[in-house]
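Student: what follows is a predicted protein model with its sequence.
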Amino acid sequence: MEYLGNLDLLKLHKTAFLCSQKCPADVVLKSYSWAKEQRSAGNCIVCGNHSQIEKDVFEILLRGNQPLIMVLPRGLKTLWNEEILKAIQSQRLLIISSFKEDVKRVTRATSEKCNEAILSLADKVVIGFANSDGQLEKTLMDKMYLLL
């Protein structure tokens, strides 16, 4: 596992946020409101950054001061934007990847592995939306099956 940032964040109570790529408009608005509530409450959130809604939720959370963990569906990048670097320097962000740096393309397999990593890190899971025929629902069902 590759990482960048504050590993101590893994010791905190963590809530995962996952959402399918396609979701209804009301889910988008609810997800944004939820992210703002988590930001205000200072809760540590673990999220991916591959569906658009997950990217948006991450951006909302990044504007706060709460701890945040981002799990990538690819290898770690070498260049990060200023907001990311600032959050890392202030010890409130951890970026994790299960892939080597040379894995640069997001695939169905890397997305699935990323979602599984997010679920394994979380103490609590919030699903914005899971399409009934989508990869996220399959991962959730497989995870539920493993827990039985």
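Tutor: Arrived safely, thanks for sending. Since the model is a prediction, treat every value here as computed from it, not as a measurement.

Student: and the longest helix for this structure?
Tutor: Longest helix in the chain by number of residues (criterion: DSSP state H): helix 25-41.

Student: okay, now the unreliable bits of the protein?
Tutor: Regions of the chain meeting the criterion pLDDT under 70 cover residues 131-134, 136-148.

Student: tell me which stretches of it form helices.
Tutor: Assigned by DSSP H, the helices in the chain fall at 25-41, 52-62, 82-89, 108-121, 135-147.

Student: reformat these as JSON lines; add distance to Arg74 and mean neighbour count.
Tutor: Yep, even glycine has a C-beta here, placed from its N, CA and C like the rest. Output for those, formatted as JSON lines (distance: least, Cβ to Cβ, whole Å; neighbours: other Cβ atoms under 10 Å):
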{"stretch": "helix 25-41", "distance to Arg74": "23", "mean neighbour count": "15"}
{"stretch": "helix 52-62", "distance to Arg74": "14", "mean neighbour count": "19"}
{"stretch": "helix 82-89", "distance to Arg74": "15", "mean neighbour count": "14"}
{"stretch": "helix 108-121", "distance to Arg74": "6", "mean neighbour count": "17"}
{"stretch": "helix 135-147", "distance to Arg74": "16", "mean neighbour count": "13"}
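
Student: okay, the ones you listed in JSON lines with distance to Leu72 next?
Tutor: Formatted as JSON lines, the helices of the chain follow (distance: least, Cβ to Cβ, whole Å):
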{"stretch": "helix 25-41", "distance to Leu72": "19"}
{"stretch": "helix 52-62", "distance to Leu72": "11"}
{"stretch": "helix 82-89", "distance to Leu72": "12"}
{"stretch": "helix 108-121", "distance to Leu72": "7"}
{"stretch": "helix 135-147", "distance to Leu72": "16"}
